[in-house]
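1. here is a sequence with its predicted model. Questions after.
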Amino acid sequence: MSLTMLPPAPGRAPAAPAPRDRFIDVLRVFGMVLVVVQHWTMPVLSYAQGRLTTGNALAAVPYVTWISQVMPLVFFAGGAANAISYRSATRRAGRPEAWSDVARTWTARRVRRLAWPVAPLVVVWLPLPHLLVALGMPAQPVEVAARTVGQLLWFLAVYLLAVVATPHLLRVRAGVALPVLAGGAVLTDVVRFSGLEAAGYLNVAFVWLAVHQVGFRYAEGGLEWLTGRRAAALSVAGFAMLAALVATGPYPTSMIGMPGTVSNMAPPSACLLALFAGQLGLAMLLRPALNALAARRRAAAVLTALAPRMMTVYLWHMTALAAVAGTAVVGLGLRAPSAGSASWWSVVPLWLAALALVLVALTTLLGRFEEPMGAAAPRHVALAAPLVGGALLTLTITGFAPGPAPVAASAALVAGLALVSRPSTAAQRRR
């Protein structure tokens with residue numbers, strides 16, 4: 001049975017487990033790798049008189065972000081994976097009438113899988129700024145690194161929202177939820193750019209849940225028509241709409257945040273929906289080729305190795321950046337060449353290689369934490385999810401800079417994990 005032909009109705013269970021969808025695996029791995037490379041190539045660092053300043057290498061080429069900003073595709077792939085996983089949980093339960101029990105158990109497992117890999121990050125980074133300053137590192141660069149590492153957690157905070165919403169949105173007719181979410185994103189932008197900037201943060205839900213909802217449609221077979229010329233037409237239409245919005249609206253060209261300009265990411269704008277349409281059409285156009293590539297032995301081995309460790313790669317890639325940049329720029333006093341210059345291009349391969357070596361070591365050491373210890377305890381998931389979400393949001397804002405907020409957030413994260421965890425039984429350990 002094809003993964004993309006899962007029935008949409010929540011009460012219907014598939015007859016047999018569906019195989020993994022290579023296309024979704026490719027999107028998730030490719031998306032995260034591209035996010036990492038983008039984060040590693042963006043900073044233009046300089047250090048003088050105890051202060052670290054940062055520029056953005058992509059500021060001069062903002063159109064590159066129309067391809068490199070792949071978070072919409074990551075949320076789409078996550079939506080497909082969540083729909084597939086939840087349908088599988090429903091099938092295993094075999095009791096459609098016990099929807100709330102299935103939803104709680106599935107959500108508890110997903111909350112644990114999201115939050116558990118963050119625990120080592122907290123254990124390392126909560127004391128690390130204090131230790132580095134005590135060892136003589138300048139305080140300002142340490143604080144920059146500690147805040148930057150925490151900013152990555154925005155993705156987990158928003159994805160947690162999508163996870164909690166999944167059992168409920170799967171019960172809503174596909175033709176209802178998506179237009180409401182997309183329409184909400186457009187209306188939010190109207191209010192935001194009318195002068196109420198804070199209203200834009202409603203799009204954290206509207207934009208990302210809309211993209212996530214399209215992932216449901218893929219998992220249910222609703223995008224099987226999107227091939228060939230149709231996929232190409234969607235891609236052209238999406239990027240054309242994006243160009244029109246940038247040319248005529250209040251939206252900047254860059255799809256990532258740039259200093260001193262309106263941001264399309266924080267908060268997310270409706271531009272990201274047009275970007276997603278363009279990228280989705282392109283991805284679906286390439287889907288047969290990507291599936292063929294992923295079926296090859298070497299490519300399959302790479303996917304098998306990377307897919308279970310992508311959360312670790314995401315969580316620790318900025319730690320690798322902090323370590324290498326701290327050593328090179330602060331420790332050795334090296335100066336970054338001008339972005340886009342011949343010197344810059346000549347250094348980029350060495351820069352990426354050094355970062356990759358550190359990240360491989362961190363992933364090898366910490367990748368085991370992607371699999372939570374114990375078993376899921378769904379009884380208190382309604383309390384655990386807000387605790388974990390609040391902790392992730394707080395750490396996104398404050399990072400791990402010294403202060404009471406990161407400590408309180410870390411305690412909330414641990415408390416939330418404890419509420420959805422219990423020691424595994426002997427039978428569970430044998431599975």
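-> Structure's in. What do you need?

2. read off the pLDDT value for the residue of the chain positioned farthest from its centre.
-> Most distant residue from the mean C-alpha position of the chain: residue 49, 35.6 Å away (C-alpha atoms, centre = their mean). With respect to pLDDT, residue 49 scores 81.

3. what of residue 13?
-> pLDDT at residue 13 comes out at 40.

4. quick one: low-confidence parts of this structure?
-> By pLDDT under 70, the low-scoring segments of the chain are 1-19, 94-99, 174, 424-431.

5. nearest the middle, which residue of it would you pick?
-> residue 155 (4.4 Å).

6. export the helix or strand containing that one to CSV, keeping only CA atoms.
-> Assigned by DSSP states H and E, residue 155 belongs to helix 154-169. Provided in CSV are the C-alpha atoms of helix 154-169 (Å, rounded to 0.1, in the frame of the first residue of the first chain):
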residue,chain,number,x,y,z
TRP,A,154,11.8,28.6,17.8
PHE,A,155,11.4,25.8,15.3
LEU,A,156,10.7,23.2,18.0
ALA,A,157,8.3,25.5,19.8
VAL,A,158,6.2,26.0,16.6
TYR,A,159,6.5,22.4,15.6
LEU,A,160,5.2,21.4,19.0
LEU,A,161,2.2,23.5,18.3
ALA,A,162,1.7,21.6,15.0
VAL,A,163,2.1,18.3,16.8
VAL,A,164,-0.5,19.1,19.4
ALA,A,165,-2.9,20.4,16.7
THR,A,166,-2.5,17.3,14.4
PRO,A,167,-5.1,15.0,15.9
HIS,A,168,-7.6,17.8,15.9
LEU,A,169,-6.9,19.2,12.4
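
7. which residues belonging to it are considered buried?
-> Using 16 or more other C-beta atoms under 10 Å as the test for burial, helix 154-169 gives 154-167, 169. (C-beta placed from N, C-alpha, C; glycine too.)

8. next one: stretch 353-363
-> By neighbour count on 16+ other C-beta under 10 Å, the buried set for stretch 353-363 is 354-356, 358-359, 362-363.

9. re earlier: for the helix holding residue 155, packing partners?
-> helix 71-93, helix 99-115, helix 203-219, helix 381-398 (3 or more C-beta pairs under 8 Å, 6 or more residues apart in numbering; DSSP states H and E).

10. that helix versus helix 381-398: what angle between them?
-> Relative orientation of helix 154-169 and helix 381-398, computed by axes from the mean of the first three to the mean of the last three C-alpha atoms, to 10 degrees: 150 degrees.

11. residues making contact with helix 154-169?
-> Helix 154-169 has contacts (C-beta atoms under 8 Å, 6 or more residues apart in numbering) with 71, 74-75, 78-79, 82-83, 86, 99, 102-103, 106-107, 110-111, 114-115, 118, 177, 204-205, 208-209, 212-213, 216, 266, 314, 385, 388-389, 392-393, 396.

12. does residue 223 count as helix, strand or coil?
-> coil (DSSP: H, G, I helix; E, B strand; the rest coil).

13. any idea how many residues pack against it?
-> Counted by other C-beta atoms under 10 Å, the residues lying close to residue 223 total 21.

14. look up phi and psi at it.
-> phi -110, psi 20 (degrees, to the nearest 10).

15. tell me the buried residues within the contacts of helix 154-169.
-> So, by 16+ other C-beta under 10 Å, the buried ones in the contacts of helix 154-169 are 71, 74-75, 78-79, 82-83, 86, 99, 102-103, 106-107, 110-111, 114-115, 118, 177, 204-205, 208-209, 212-213, 216, 314, 385, 388-389, 392-393, 396.

16. tilt between the helix or strand encompassing residue 312 and helix 71-93?
-> Assigned by DSSP H and E, residue 312 belongs to helix 310-325. Helix 310-325 runs at 150 degrees relative to helix 71-93, counting by the same axes, to 10 degrees.

17. which residues sit against the helix or strand that helix 310-325 is followed by?
-> Next helix or strand after helix 310-325 toward the C-terminus (DSSP H and E): helix 342-366. For helix 342-366, contacts defined as C-beta under 8 Å, 6+ apart pick out 36-37, 40-41, 57, 117, 120, 309, 312-313, 316-317, 319-321, 323-324, 336-338.

18. any of those residues buried? List them.
-> So, by 16+ other C-beta under 10 Å, the buried ones in those are 36-37, 40-41, 57, 117, 120, 309, 312-313, 316-317, 319-321, 323-324, 336.

19. how about the contacts made by the closest residue to residue 157 other than its chain neighbours?
-> Leaving aside its chain neighbours, residue 157 sits nearest to residue 392 (3.9 Å; criterion: C-beta to C-beta, 6 or more residues apart in numbering). By C-beta under 8 Å, 6+ apart, the residues touching residue 392 are 115, 118, 153-154, 156-157, 160, 409, 413.

20. and with 6 Å instead?
-> By C-beta atoms under 6 Å, 6 or more residues apart in numbering, residue 392 lies in contact with 153, 156-157.

21. then residue 102?
-> Counting by C-beta under 6 Å, 6+ apart, the residues that residue 102 touches are 89-90, 93.

22. as TSV, those with neighbour count would be great.
-> Converted to TSV, those look like this (neighbours: other C-beta atoms under 10 Å):
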residue	neighbour count
89	18
90	23
93	16
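
23. out of these, which is nearest to residue 139?
-> residue 89 (47.9 Å; C-beta to C-beta).

24. out of everything not next to it in sequence, what's closest to the closest one?
-> In space, residue 89 is closest to residue 106, 4.5 Å off (C-beta to C-beta, 6+ apart).

25. that neighbour contacts residue 90, correct?
-> No. Applying C-beta atoms under 6 Å, one finds residue 106 not in contact with residue 90, separated by 8.3 Å.

26. ok, for residue 74, nearest residue in space, not its chain neighbours?
-> Per C-beta to C-beta, 6+ apart, closest to residue 74 is residue 31, 4.1 Å.
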